[in-house]
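1. pasting a predicted model and its sequence here:
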Amino acid sequence: MAERHLIHIENSGEDYLCAMDENLLRGMEVLGRRGIPVGCRGGGCGVCKVHIKSGAYEARKMSKACISEEELTQGIVLACRVFPRGEISLEVIGKMAKSVCAGSPQPAD
């Protein structure tokens, strides 16, 4: 069984475990949110954009039409093409943010 890492979604305050051989998008899907927009799953549509705030990960090839070199250097990636290599804290951005955060428990102030 692959090693699993804790993934923290800053927008919602939720955590989930994601195996090293599982991409971050698949891990989010198991949270049970209805309507998480999923496109091509191959890094070509840009629907699953996230901003990695901290943590180690492996990023596979993504379309330059979806993610620019500048975004990559800032930690903005596509969740379908990122695999955790340690604990990660991320912010969901773009089209997916509303679906991931809708109905989730809000973090305490």
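-> Looks like it arrived, so ask away. Numbering: from 1, shown residues only.
2. how near is M62 to G55?
-> Distance of M62 to G55, given as C-beta to C-beta, to the nearest Å: 18 Å. Every C-beta, even on glycine, is put in place using the N, C-alpha and C of the backbone.
3. the closest residue in space to G46 that isn't next to it in sequence: neighbour count?
-> Excluding the flanking residues, the one nearest G46 by C-beta to C-beta, 6 or more residues apart in numbering is C66, at 3.3 Å. Using other C-beta atoms under 10 Å, C66 has 21 other residues around it.
4. ok, C66 touching K49?
-> Yes. Using C-beta atoms under 8 Å, C66 makes contact with K49 at a distance of 7.4 Å.
5. quick check: neighbours shared by those two?
-> With contacts defined as C-beta atoms under 8 Å, 6 or more residues apart in numbering, the residues shared by C66 and K49 are L78.
6. of M62 and G55, which one has the most company?
-> M62 (20 against 17).
7. what is the neighbour count of the nearest residue to that one once chain neighbours are set aside?
-> Nearest in space to M62, with sequence neighbours left out and distances taken as C-beta to C-beta, 6+ apart, is G43 at 3.9 Å. A count of neighbours around G43, defined by other C-beta under 10 Å, yields 22.
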